[in-house]
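[1] Please find the sequence and the predicted model below.
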Amino acid sequence: MSARQMPIVILIVCGVTAACFATTTEVYFTHPYGGIHKIDASGTVTAVLPNIGRCTGLESDGQGNLFFGRFTQDLHKIDLMMMTPDLRATNLGRIIDVGAVTHSVDIDIAVSKAYEVYFSHPDGGLRKMNAAGTIDTLLPYVGEVVSLELWHDDSLYFSRYYDDRHKCDLLVDSPEQPLANWGDIIEVTAVLLAFDIDLAINTAGDVYFTHPYGGIYMRTTGGQIRTVLPDVGRCTGLAFDDAENLYFGTFYDDRHKIDLMKMTPQGQVTNLGNIVQLGPVELRWHGDIAVVPEPAGISLLALGGLALLKIRRFH
């Protein structure tokens, strides 16, 4: 990814009232031009944090707090930010500082049940910030990590570039066993504008991912690669809700716009509306993904650019 390429990250919040169980949906997302915005169930888009700057990564701690990275100093540095449910943003400190912007300064973030923040690094490898703010290097030699996903058993799934970014494999680091390579999931003959993928894992353990040539694919628990949606075009962001509906963003109009899409477990695809419109396309839009198991009443799922946070609100 070049220095001009920015990510899009989306957070979907669904509130369910105890009285009538009516569901309303609000989608929070970072914008290529900066800031965090929101689209509600009626399709109205409003700015939530318009002056926060350009952001990357989006994740919740399960208590309604949202974590994300914020670029500073011409994309050479990233601070870890936290936004509370009342939309107050706090800077938790510097997590990335690179001397030169090469392929990518975008990162992906995942937050564990122990409130540890995992993140990828532009120089390669995975790092972790604990609750005290200490940063440790976990896997320094795994290469260029594309996306992160924490499953419900605390296993950390991540995709990794190799072979001069022509291939991407899937690795898993679980509490029960050391780091394992589950094999290639993507191979391209030419690296064009983007070679980014997003991950989402369903309850059965199947790993869904976007492809740089377009479409959505799946690696089954048995290791087979299957095509899920071959004709939806270039996508960003993947996430499952607790009903196994899959959400994702899809590019169109020569990559000037992104619509939010939903696929039911039966395979029915619905367009939920436009979430991004740009004039000249100077930036590449890439979403960041991570899934954190949440306590009862809250379930967070992130789509490579999309993160779903469902919260029961009782009035």
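    Happy to help now that I have it.
[2] Leaving out chain neighbours, which residue sits closest to Ser234?
    Quick fix: residue 234 reads Arg, not Ser. Phe251 (4.4 Å; Cβ to Cβ, 6 or more residues apart in numbering). Every residue, glycine included, has its C-beta placed from N, CA and C.
[3] show me what contacts the one you found?
    Counting by Cβ atoms under 8 Å, 6 or more residues apart in numbering, Phe251 makes contact with Gly233, Arg234, Cys235, Thr236, Lys257, Ile258, Trp285.
[4] now swap in Ile135 and tell me
    Counted by Cβ under 8 Å, 6+ apart, Ile135 has contacts Ile95, Arg127, Lys128, Met129.
[5] now Ile95
    Gly69, Ile78, Asp79, Leu80, Ile107, Val117, Phe119, Arg127, Met129, Ile135.
[6] Repeat the analysis, applying 6 Å as the threshold.
    Residues near Ile95 by Cβ atoms under 6 Å, 6 or more residues apart in numbering: Ile78, Leu80.
[7] Relative to the host helix or strand of it, what are the paired strands and their orientations?
    According to DSSP states H and E, Ile95 maps onto strand 89-97. For strand 89-97, the paired strands and their directions (DSSP bridges) read strand 77-83 (antiparallel).
[8] Taking the contacts of Ile135 together, which two end up most distant?
    Ile95 and Lys128 (9.9 Å; Cβ to Cβ).
[9] count of residues packed around the closest residue in space to Gly125 that isn't next to it in sequence?
    Nearest residue to Gly125, sequence neighbours excluded (Cβ to Cβ, 6+ apart): Pro140, at 4.2 Å. Pro140: 12 surrounding residues under other Cβ atoms under 10 Å.
[10] what pLDDT does Pro140 get?
    In this model, Pro140 is scored at 86, pLDDT.
[11] can you tell me how far it sits from Leu150?
    Counting by Cβ to Cβ, to the nearest Å, the gap from Pro140 to Leu150 is 20 Å.
[12] Tyr161: what's it in contact with?
    Contacts of Tyr161 by Cβ under 6 Å, 6+ apart are Glu144, Cys168.
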